[in-house]
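Enquirer: need a structure here:
(one chain, ligands or ions: 1)
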Amino acid sequence: MDGTIKILSSNKLKVPVIGCLKTYERLPVVPDPKNVTISREADRWFISFKIDVTVAPTDKIVDVVGIDLGIKALATLSTGKIIKGTNSYRKHEKKLARLQRKVSRKVSGSANGHKAQVKVQKLHRKIANLRKDTLHKLTSQLCKNHAINAIEDLNVSGMLANHKLAKSIADMGFYEFRRQMEYKSELYGSKLIIVDRFYPSSKTCSNCGAIKDSLPLSERVFYCEHCHLKIDRDLNAARNLEKIGRATAKFTPVDNLEPTPLVEAVVKPTQA
Ligand SMILES: [Zn+2]
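Expert: Residues are numbered from 1 along each chain as shown. Prediction:
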């Protein structure tokens, strides 16, 4: 439907076949939107536009930050900052379970069955929106303020096999986190470093580099027998990721961060 949809005012648009539509939310100010999708979720209709945005690099406050995504907190930064998750799913979980039971009791196809189903879908949407909102705030903050963000390449599918972890991971929306980090890094001119999933960020001492044989998930404090460092488990992991980020950034050209002045880029002939 490219180019066939016209935005008439802040809340009115014209769609072929259907005609004029009024929207609940303000429409974007674009003369001629590309790629318009109309979809239905629960009992509401949604319209989404794909628009071209100009990249707007921001001034960075911190150079390199390691980010450990966790179960207890949504994210622990190597700077010591902790960002708590919403745990939105768990908060609404009981209500959702109750509604789902209701749906299963109703005769499928009946009017009441349909009503209950819509309620479930609505709650799902609410939870998803809460989660997305938290993640958006976090990823914007990270990409706007840090020149380099180092995150772990989580083996999400492997972790999902662990049932206990699965719920927390789904709750935190790790896939979505990475997706947002990727496009926002580009948008705000920061660099994203994804650390290999086999790097033992949790088991390595961020002070002396000694690696533990094992570190059960229940152990919240990292204690190093070699240098006697005692540190929060997630903070230790975040500091290790920061180290990798720093080391990696040194060897990779950071194009969109600090453009090398042309004069410096000229290779001077070495004298024999
Ligand atoms: Zn140590």
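Enquirer: switch to C-alpha atoms for all contacts and neighbour counts from now on
Expert: Will do.
Enquirer: The ion contacts on the chain?
Expert: Contact residues (Cα under 5 Å from the ion) of the chain with the ion: 205, 207-208, 224, 227.
Enquirer: Please list only the buried members of those.
Expert: Among the residues of the chain next to the ion, those classed as buried by neighbour count (16 or more other Cα atoms under 10 Å) are 205, 207, 224.
Enquirer: what ranges do the strands span in the protein?
Expert: In the chain, the strands defined using DSSP state E lie at 6-9, 12-15, 19-22, 34-41, 44-50, 62-69, 75-77, 82-83, 146-152, 191-195, 221-223, 230-232.
Enquirer: ok now do the residue of the stretch 1-150 of the chain found nearest the ion, which residues does it touch?
Expert: Minimum separation of the stretch 1-150 of the chain from the ion (Cα to the ion) falls at Ser78, amounting to 16.4 Å. Residues counted as contacts of Ser78 (Cα atoms under 8 Å, 6 or more residues apart in numbering) are 65-67, 235-236, 238-239, 241-242.
Enquirer: In JSON lines: the strands of the chain, plus mean neighbour count.
Expert: Below are those laid out as JSON lines (neighbours: other Cα atoms under 10 Å):
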{"stretch": "strand 6-9", "mean neighbour count": "16"}
{"stretch": "strand 12-15", "mean neighbour count": "16"}
{"stretch": "strand 19-22", "mean neighbour count": "13"}
{"stretch": "strand 34-41", "mean neighbour count": "12"}
{"stretch": "strand 44-50", "mean neighbour count": "12"}
{"stretch": "strand 62-69", "mean neighbour count": "23"}
{"stretch": "strand 75-77", "mean neighbour count": "24"}
{"stretch": "strand 82-83", "mean neighbour count": "16"}
{"stretch": "strand 146-152", "mean neighbour count": "25"}
{"stretch": "strand 191-195", "mean neighbour count": "21"}
{"stretch": "strand 221-223", "mean neighbour count": "19"}
{"stretch": "strand 230-232", "mean neighbour count": "16"}
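Enquirer: can you redo those strands as CSV with mean pLDDT?
Expert: Output for the strands of the chain, formatted as CSV (pLDDT from 0 to 100):
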stretch, mean pLDDT
strand 6-9, 81
strand 12-15, 83
strand 19-22, 85
strand 34-41, 76
strand 44-50, 77
strand 62-69, 92
strand 75-77, 93
strand 82-83, 89
strand 146-152, 94
strand 191-195, 92
strand 221-223, 96
strand 230-232, 96
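Enquirer: Dump those to JSON lines, plus distance to Asn112.
Expert: Below are these laid out as JSON lines (distance: least, Cα to Cα, whole Å):
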{"stretch": "strand 6-9", "distance to Asn112": "37"}
{"stretch": "strand 12-15", "distance to Asn112": "33"}
{"stretch": "strand 19-22", "distance to Asn112": "29"}
{"stretch": "strand 34-41", "distance to Asn112": "18"}
{"stretch": "strand 44-50", "distance to Asn112": "18"}
{"stretch": "strand 62-69", "distance to Asn112": "42"}
{"stretch": "strand 75-77", "distance to Asn112": "42"}
{"stretch": "strand 82-83", "distance to Asn112": "41"}
{"stretch": "strand 146-152", "distance to Asn112": "46"}
{"stretch": "strand 191-195", "distance to Asn112": "48"}
{"stretch": "strand 221-223", "distance to Asn112": "51"}
{"stretch": "strand 230-232", "distance to Asn112": "51"}
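Enquirer: Might you list the low-confidence residue ranges for the stretch 51-200 of the chain?
Expert: Residues of the stretch 51-200 of the chain meeting the criterion pLDDT under 70: 71, 86-90, 107-108, 154-173.
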